[in-house]
Structure formats: structure tokens, C-alpha cells
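J.: Curious how this folds, go ahead:
(one chain, ligands or ions: 1)
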Amino acid sequence: MKISFHGAAQTVTGSKHILTLNNGKNILLDCGMFQGMGHETAELNAHFGFDASTIDVLLLSHAHIDHSGLIPKLVKEGFNGVIYCTQATKELAEILLYDSAEIQTYEGNHRHHAPLYNSDDVAACLSQFKVIHFNEWFSLMDGVDVVYTPAGHLIGSAAITIRAKENRRKTTILYGGDVGRYQSVLLKPPAETPQADYIILESTYGDKRHDLTFNTIENIHKWIQKICVQQEGKLVIPAFSVGRTQEVLYALNQLSLEKRLPDISFFIDSPLSLLATQTIKKYTDQFNERLQKVLLVDDDPFEFPGLKYIESVDDSRRLTAYNKPCVIISASGTADAGRVRHHIHSCIGNANCGILMVGYCGAQSLGGQLLSGYQTVDIFNQSCEVIATTGQVQGMSAHGDTDDLLQFISHQPVEKVKGIFLVHGERHVQKTFAEKISLKGYKRIECPAMHEVFELPLKPKRKREHIPTQHTTTVHAVRNNTDIGNRFQK
Ligand SMILES: [Zn+2]
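T.: Numbers count the residues shown, from 1 in each chain. Next up, the predicted model:
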């Protein structure tokens, strides 16, 4: 058996990992899009680094685009196997993938390059989805069983355990997907997972502790008071439509229940957010205990007076010209794409306005640049001076921090775990996190590079291989040619 890493390798987007069995079957774990990596993004998304037609099956952990966004391209390039996921993931992925196709068509026209896929490609890939239930083992193929357990990161999100029997040897691999928090605002904590030999673990916040004393609701309130009440300006909150927007709505709803919201308008400028909120509301069984209690007294924790959804492009355009104090929540969360860029563009030069980030922003993303204190940023090929107040509300991440991640693997006995592969994290974060994991007694921790291949069981002195990035190279080719990587390393 081999395992190879084709995205989220020493970076935080583009999750794609392949288990290659000795019989040549390839199991793909997630098929995410790279996002917010500056000029490299398009090139990284253009080529998988493996042949899509060699993939036999796809196990999808959750709907976020950095885990699902290249599925239509995978199908377009020849993958015709089954895509397994939970019901909520299927529904959210459908919403997100159609939106992704629309963004690409729009940006493709704007930047004069072909989109990776269109809405027809999305429709085609959706026919390959197959819904499975949490906590029920199912047979993936001869000798391979799989179970999805709740990961607490997003409605429908799962950690995936794969049990493969080859030559009478059983190997269990746990792929954590994105691991949620044990004190999530909305969701139940991650569930315990079956004992594994190898763990593929995300590490986004592996070197950080979320400040549990930080009061998100109070901070959002302070920003609204300062920008909208005292300065009578507009507060733009870039937020991903699925997950983060609902967390912001939940916070605003709490303030509304306490009658602490000013009499201004709150706009959700994203048709996607409306769909996502409607979908998320259906899965109350995945909400945490606190939210279950809120539901007893408030049947809609994401809705409050003054909230308006903007759907049409014309209404969105009109909103950029709206000059009364208001809060605008719009996607994307890193401000790299979507309608929010128009709102930032219209507010960034106004000292009375504010731009409030509420989630992780890669350093190269527009949100990251604003948080780094850039004095000018490039929006729509224009250099814009940053005059508006910019800042970040801490503590709203859907990703577990160092303690959450350690808790997630804490029931995995150190003497039984043969290796941990850290993915979905920046290199310097992974280095710190690897040291923390080592202190717990886990012995073999790897931080795979892009396209790196590992043979399982891991040998004491492993031989490193690299798959070239050319899309013509197949996983089979690499499996049978251990020298191929060396030719491309220079
Ligand atoms: Zn995610």
C-alpha cells in the first residue's frame, strides 16, 4: 500500500490524498481546490499531478471547497467512480460547487482564461455521489471497509477510517478531514474514532490555542458600535457562506435577543448563504447542547429583525452604493473572490467604514494582506489605499487548535500508531505541532511535501519519492517506477 499527497501538503488548501492498494486500486481522499495562493493558484488547480481516470473511488470528508472544489474537474478528466459522503455534505457540496462554477465562469471571463469547469460539469459529478450514514461501516471494495464519524467542523463533516486487508495484513488509516473544536459555537464535538495504524491529521492551528476567554459576541458588538453607531459607517464582514456566516448570524441573533443591536440593516449579500443557512437548519441533530437549548426558545437562531438577504447581482450592486450605516456579510471569507470584494472596494478608502475578518486568511489573500497592515492593496487591478479600519474577530475558527487536535488523537494508543502524516497546515506550524505530538509519545510524524509518496508500512528509513506535477503522470506509473521522482526533483 502507498499513500501520496497531492494538495494541502505543507499548505492549507487543495486537500487530495491517495491510498494506492497493492492491487492497483486508488482511493482518493477529498478533491479540494487550492485557494488564496496568489499567482500559483491557477497553476496548482490546472494539474492534479495524477491521472483522474486512475482513481477508483473518492471519499469526501466535507463540503468546503478546499476539500471538494475540484470534483467536477476530476469527473471531467475521466473519474467515473462513486463519491461517498454524508447527506448534509452532499447538499452543501451541491450548493458550493454550483457557486464555484459560477465564480470561475465570471472570473474566467474577467481574466480571459477558461474556467476549470462549468455548471454542466457540476451536474455530471453530482450523479456519482452516494450518501452514507455516520458510524456505519460499509464495504468500499473487496477487502476494504470504511466508516465515517462526525468531525464537528461543519454540518455533515466526517473523519474517515479505512480498514484495508492486503496479503493477510490489516492496515487501518484514519483521515481526520478537517477537525472541529470541542467547544464549537454550533456543533457537537468530534466523535471518537476507531483505532488506527496511520493517521492523516490536519494541522491548520497546530501551533495555536484558541482563546476560549475571548468573547466573540462582545467583540462583534464593539465593532458594530464603533463603525456603525459612532462613525455611522458600513461594516463589511467577509465570511464563507457555509459555516462561518451562520456563526456570525448566531452571534447577531444573540445580540438581537438581548436587544443590543442598533436599528440598522444587516445584509447577507450571498444567494449561497441563504441556501446554506436553510440546509444547515435541517440538521439540528448535529447542533451542540447549548444550541439545542436555544432552539427550545428560539426556533430560528440565524434570523432576527433587520436581517435582509441580497440575492440578485443588481441588488448587490445597489448595496455598494448604499450610504447608510449597515453591516454587510458577504463571501468569500478570505476576500479573494466573490461579491465581498466589491463591498471592500467601495469602503476601503472611507475612514468611517470597517472591514472585519472572522476567519483564517492565508498571507497572500486580500484578507491576509489587510490583516498584515498593507497600506495599499490591489483590488480589480486597482491599487487601493487602506483607509478604513481593518481587524479580526478571534476565536471563530471551525478548526480545532493544538489542544483540540491532540484531544482528537488522544484515544489512539501511542504504541499502536505507526505514523502520523500532518497535512493542511503551513510548514512552520507543522514543525511546532510535530514537536507537540512527539511529546505525547507518538514516534513517527511526517509532513509530506507536494506529490510525496510513502510506502506503508513505513520503513525505518523510508525512501522518498516525488511525483512530477505533469498531469500526464499516473499514480500507477509512480507506483511501478520508484526512480521517477528523482528525475524531476531538480
Ligand atoms: Zn473545512
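
J.: Next one: whichever strand in the chain runs longest, is it in contact with the ion?
T.: Longest strand of the chain, by residue count under DSSP state E: strand 158-166. No. Using Cβ under 5 Å from the ion, strand 158-166 never reaches the ion; the gap is at least 11.2 Å. Glycine gets a C-beta too; all of them are placed from N, C-alpha and C.

J.: can you give me the strands for the stretch 1-150 of the chain?
T.: 2-5, 17-20, 26-29, 57-59, 82-85, 129-131, 138-141, 144-150 (DSSP state E, counting those that start in this stretch).

J.: how about CSV for those, with distance to the ion and mean pLDDT added?
T.: Formatted as CSV, the strands of the stretch 1-150 of the chain follow (distance: least, Cβ to the ion, whole Å; pLDDT from 0 to 100):
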stretch, distance to the ion, mean pLDDT
strand 2-5, 17, 98
strand 17-20, 15, 98
strand 26-29, 14, 98
strand 57-59, 15, 98
strand 82-85, 13, 98
strand 129-131, 18, 98
strand 138-141, 23, 98
strand 144-150, 14, 98
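
J.: which one of those strands is the most hemmed in?
T.: Of all the strands of the stretch 1-150 of the chain, strand 26-29 has the most neighbours on average by mean count of other Cβ atoms under 10 Å, namely a mean of 25.

J.: So which other helices or strands are in contact with whichever helix or strand Phe421 is part of?
T.: Phe421 is part of strand 419-423 when elements are defined by DSSP states H and E. Of the remaining helices and strands, those touching strand 419-423 by 3 or more Cβ pairs under 8 Å, 6 or more residues apart in numbering; DSSP states H and E are strand 2-5, strand 198-202, helix 427-439, strand 445-446.

J.: Next, count neighbours for the closest residue to the ion within the stretch 351-490 of the chain.
T.: As assessed by Cβ to the ion, the ion sits closest to Ala398 within the stretch 351-490 of the chain, at 6.5 Å. Ala398 has 27 neighbours, counted by other Cβ atoms under 10 Å.

J.: Hmm, Ala151 and it touching each other?
T.: No. The pair Ala398 / Ala151 is not scored as a contact, 9.9 Å apart, by Cβ atoms under 8 Å.

J.: and for those two, which residues touch both?
T.: 178, 180 (Cβ atoms under 8 Å, 6 or more residues apart in numbering).

J.: Tell me which strands the strand holding Phe421 pairs with, and in which orientation.
T.: Paired strands of strand 419-423, with direction, are strand 198-202 (parallel), strand 445-446 (parallel) (DSSP bridges).

J.: Comparing those strands, which comes out most buried?
T.: Across the strands paired with strand 419-423, averaging neighbours per residue (mean count of other Cβ under 10 Å) puts strand 198-202 on top, at a mean of 27.

J.: That one near the ion at all?
T.: No. Strand 198-202 stays clear of the ion (Cβ under 5 Å from the ion), getting no nearer than 8.6 Å.

J.: what angle separates that strand from helix 427-439?
T.: 140 degrees (axes from the mean of the first three to the mean of the last three Cα atoms, to 10 degrees).

J.: Restrict strand 198-202 to CA atoms and write it as CSV.
T.: The C-alpha trace of strand 198-202 is given here as CSV (Å, rounded to 0.1, in the frame of the first residue of the first chain):
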residue,chain,number,x,y,z
TYR,A,198,-1.7,5.6,10.5
ILE,A,199,-3.4,9.0,10.9
ILE,A,200,-3.6,11.7,8.3
LEU,A,201,-4.2,14.8,10.5
GLU,A,202,-4.8,18.4,9.6
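
J.: Following it in sequence, what is the next regular element?
T.: Along the chain past strand 198-202, the next helix or strand (assigned with DSSP H and E) turns out to be helix 216-223.

J.: What is that following helix packed up against?
T.: Helix 216-223 sits against helix 244-257, strand 354-357, with contacts defined as 3+ Cβ pairs under 8 Å, 6+ apart.

J.: Can you list the strands that the helix or strand just after that helix pairs with?
T.: Per DSSP H and E, helix 216-223 leads on to strand 234-238 as the next helix or strand towards the C-terminus. Under the criterion DSSP bridges, strand 234-238 sits next to strand 326-330 (parallel), strand 354-357 (parallel) in its sheet.

J.: sorry, back to before: could you provide the strands of the stretch 1-150 of the chain in a markdown table, with additional columns for distance to Asp404?
T.: Converted to a markdown table, the strands of the stretch 1-150 of the chain look like this (distance: least, Cβ to Cβ, whole Å):
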| stretch | distance to Asp404 |
| --- | --- |
| strand 2-5 | 22 |
| strand 17-20 | 21 |
| strand 26-29 | 21 |
| strand 57-59 | 22 |
| strand 82-85 | 23 |
| strand 129-131 | 27 |
| strand 138-141 | 27 |
| strand 144-150 | 14 |
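
J.: Go through these and name the closest to Tyr98.
T.: Closest approach to Tyr98 among these is made by strand 129-131 (13.5 Å; Cβ to Cβ).

J.: how about the helices and strands packed on strand 419-423 in JSON lines, adding distance to Ser312?
T.: As requested, the helices and strands packed on strand 419-423 are exported to JSON lines (distance: least, Cβ to Cβ, whole Å):
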{"stretch": "strand 2-5", "distance to Ser312": "41"}
{"stretch": "strand 198-202", "distance to Ser312": "37"}
{"stretch": "helix 427-439", "distance to Ser312": "41"}
{"stretch": "strand 445-446", "distance to Ser312": "49"}
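
J.: deepest of the helices and strands packed on helix 216-223, which one?
T.: strand 354-357 (a mean of 24).

J.: Only the C-alpha atoms, please, for stretch 48-57, written as PDB.
T.: Output in PDB follows, covering the C-alpha atoms of stretch 48-57 (Å, rounded to 0.1, in the frame of the first residue of the first chain):
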ATOM      1  CA  PHE A  48      -3.700  17.200 -10.400                       C
ATOM      2  CA  GLY A  49      -0.300  15.600 -10.600                       C
ATOM      3  CA  PHE A  50      -2.100  12.200 -11.200                       C
ATOM      4  CA  ASP A  51      -4.400  10.900 -13.900                       C
ATOM      5  CA  ALA A  52      -8.000  11.300 -12.800                       C
ATOM      6  CA  SER A  53      -9.100   8.200 -14.700                       C
ATOM      7  CA  THR A  54      -6.900   6.000 -12.500                       C
ATOM      8  CA  ILE A  55      -8.900   6.900  -9.400                       C
ATOM      9  CA  ASP A  56     -11.400   4.200  -8.400                       C
ATOM     10  CA  VAL A  57     -13.300   5.800  -5.700                       C
END
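
J.: what's near enough to touch Asp404?
T.: Residues near Asp404 by Cβ under 8 Å, 6+ apart: 179-182, 190, 205, 210.

J.: Relative to Asp120, which of the helices and strands packed on helix 216-223 is closest?
T.: Distance to Asp120, taken as Cβ to Cβ, is lowest for helix 244-257 among these, at 27.4 Å.

J.: quick check, the closest one touching the ion?
T.: No. Residues of helix 244-257 contacting the ion under Cβ under 5 Å from the ion: none, with a closest distance of 10.2 Å.

J.: and stretch 442-457, how far apart are its ends?
T.: Stretch 442-457 has an end-to-end distance of 16 Å (criterion: Cα to Cα, to the nearest Å).
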